[in-house]
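Chemist: Below is the structure, and that's it, no one-letter string:
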Ligand code: ATP
Ligand code: MG
């Protein structure tokens with residue numbers, strides 16, 4: 001499973017439609033301070049369902065929408081679409097390519113889509129469960145995260161191993177069943 005491309009409109013500093021193709025191998029984002037490198041990483045976390053404004057470096061969720069400059073008016077919504085190559089079927093679907101999309105309006109309403117079909121955040125979470133991608137997973141390692149992993153309480157660190165071993169899904173199903 002690897003990232004194929006990212007389409008951003010109105011997310012943080014990306015007022016214009018921005019398309020990024022991820023070629024084979026390593027992709028580096030280069031540019032001066034404040035040009036939007038971290039905003040691209042934020043957009044990937046966001047489309048994967050991140051709900052924590054702190055993690056997204058925003059005060060409120062509305063702050064992820066382009067808020068204008070001297071020359072440009074603020075936009076009314078932000079939209080990010082991430083296309084993933086699923087030819088190895090790591091995601092639990094038969095499709096070779098999966099596009100997930102999230103849109104948020106100033107009213108705070110969020111919409112989620114999987115391959116253009118409207119869905120719930122829960123469906124996005126389920127899609128990435130046990131893949132190491134998604135909220136609280138280890139696919140995005142930021143400055144300081146390695147230290148955090150090393151110094152975490154053993155129970156917290158265990159979560160990462162459970163996700164890598166692919167048993168988080170069963171633990172969640174077990175918890176849900178015991179609630180019924
Ligand atoms: P550094 O090299 O310092 O880490 P960077 O390239 O990672 O910089 P970012 O943090 O991605 O930079 O981008 C910061 C810029 O994004 C700031 O100029 C900030 O004003 C702008 N920005 C953040 N949110 C919004 C928003 N909602 N609307 C418009 N611009 C925004
Ligand atoms: Mg940065």
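Modeler: Now that the structure is in, tell me what you want to look at. Note that the structure is predicted; figures quoted are calculated from it, not measured. Ligands and ions are numbered 1, 2, ... in the order given.

Chemist: any idea how this protein splits into domains?
Modeler: 2-130, 141-180 (automatic domain parsing).

Chemist: which one of those domains lies closest to ligand 2?
Modeler: domain 2-130 (3.2 Å; CB to the ion). Backbone N, C-alpha and C define where each C-beta goes, glycine included.

Chemist: and the end-to-end length of that closest one?
Modeler: Counting by CA to CA, to the nearest Å, you get 15 Å between the two ends of domain 2-130.

Chemist: Is ligand 1 within reach of whichever strand or helix holds residue 8?
Modeler: In the assignment (DSSP states H and E), residue 8 maps to strand 2-9. No: applying CB under 6 Å from any ligand atom, one finds strand 2-9 separated from ligand 1 by no less than 11.8 Å.

Chemist: same question, stretch 61-77
Modeler: Yes: for stretch 61-77 and ligand 1, the contact criterion (CB under 6 Å from any ligand atom) is met by 63, 65, 66, 67.

Chemist: Parallel or antiparallel, list what pairs with the strand holding residue 8.
Modeler: If you go by DSSP bridges, strand 2-9 pairs up with strand 18-21 (antiparallel), strand 77-85 (antiparallel).

Chemist: Pull the residues that contact that strand.
Modeler: Strand 2-9 has contacts (CB atoms under 8 Å, 6 or more residues apart in numbering) with 14, 16-22, 40, 43-44, 75, 78-85, 97.

Chemist: before we move on, the earlier item: can you list the strands paired with strand 2-9 in TSV and add distance to ligand 2, mean pLDDT and mean neighbour count?
Modeler: What follows is those, written out as TSV (distance: least, CB to the ion, whole Å; pLDDT from 0 to 100; neighbours: other CB atoms under 10 Å):
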stretch	distance to ligand 2	mean pLDDT	mean neighbour count
strand 18-21	16	96	13
strand 77-85	17	97	21
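
Chemist: Now render the residues of stretch 61-77 next to ligand 1 as JSON lines, adding distance to residue 127.
Modeler: Formatted as JSON lines, these follow (distance: CB to CB, whole Å):
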{"residue": "63", "distance to residue 127": "26"}
{"residue": "65", "distance to residue 127": "25"}
{"residue": "66", "distance to residue 127": "27"}
{"residue": "67", "distance to residue 127": "30"}
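
Chemist: residues from this protein in reach of ligand 2?
Modeler: 37, 38 (CB under 5 Å from the ion).

Chemist: Which parts of the chain are strands?
Modeler: Secondary structure of the chain (DSSP state E): strands located at 2-9, 18-21, 77-85, 97-105, 110-114, 117-119.

Chemist: right, and these - which one's nearest residue 29?
Modeler: For residue 29, the closest of the strands of the chain is strand 18-21, at 8.7 Å, according to CB to CB.

Chemist: and that closest one, anywhere near ligand 1?
Modeler: No: judged by CB under 6 Å from any ligand atom, strand 18-21 makes no contact with ligand 1; its nearest approach is 12.4 Å.
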